[in-house]
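Visitor: Predicted model, plus sequence, below.
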Amino acid sequence: MRKIFQRPGGFTLVELLMATIILSVVLVGLIQLFIRCSVLTELASNITAAMSEAQGKMEEIRNYDFDSIATDYVNGGALNPFDLTQLAGKGIIYIDSSNADLLEVEIVISWQNKYGRIIGEDLDLDGTLDTGEDVNGDSKLSSIATLVSQIAER
């Protein structure tokens, strides 16, 4: 009977080293992918919690007496800025009362993630716009978690 394979079985050392190198490169890439996905998952979770805080505060403002909203929620007042309950951070409320019958309410949430990075322009999380915090030059704090609504007098 003829031999099907003319060379002895098994891998050579060079083939084994090449396979190991290829496998290690693929595994390093996969590990980086998993790490990045976990960071993005944490950010998405924080954004959800921040938007939940903003929606709760917006509902509180909607249920407030319309004539008192602009005065009680003025920047620096007793109800503004406010501490977050689900995240380590602050929320700030901006109210445009140029139209007496329609208020534009903007709620901006800034927080610190578990890696110590501040999300939003409020770098010291004090709820006030300090020197060097207004990156985009709009004279107010900004964040990726911002909720804007208009409230009309009932």
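Guide: It's in.

Visitor: make it CA atoms for all contacts and neighbour counts henceforth
Guide: OK.

Visitor: Quick check: what element follows the helix ranked longest in the chain along the chain?
Guide: Criterion DSSP state H: the longest helix present in the chain is helix 13-62. Moving toward the C-terminus from helix 13-62, the next helix or strand (DSSP states H and E) is helix 66-72.

Visitor: what mean pLDDT does that following helix have?
Guide: Taken as a whole, helix 66-72 carries a mean pLDDT of 86.

Visitor: tell me what the longest helix of the chain is packed against?
Guide: Counting contacts by 3 or more Cα pairs under 8 Å, 6 or more residues apart in numbering; DSSP states H and E, helix 13-62 packs against strand 102-112, strand 145-152.

Visitor: buried set for the last one?
Guide: Read it as strand 145-152. Using 16 or more other Cα atoms under 10 Å as the test for burial, strand 145-152 gives Ala145, Thr146, Leu147.

Visitor: Quick check, central residue of this structure?
Guide: Ile47 (4.2 Å; Cα atoms, centre = their mean).

Visitor: Low-confidence stretches in this structure?
Guide: In the predicted model of the chain, residues 1-9, 76 satisfy pLDDT under 70.

Visitor: Now with 90, please.
Guide: Applying pLDDT under 90 to the chain flags residues 1-13, 64-81, 97-101, 114-116, 123, 125-140, 153-154.

Visitor: ok so, going back, tell me the angle the longest helix of the chain makes with strand 102-112.
Guide: 140 degrees (axes from the mean of the first three to the mean of the last three Cα atoms, to 10 degrees).

Visitor: Report the distance from helix 13-62 to the chain centre.
Guide: 14 Å (Cα atoms, centre = their mean, to the nearest Å).

Visitor: Ok, stretch 125-136 next?
Guide: The mean C-alpha position of stretch 125-136 is separated from the chain mean by 17 Å, Cα atoms, centre = their mean.
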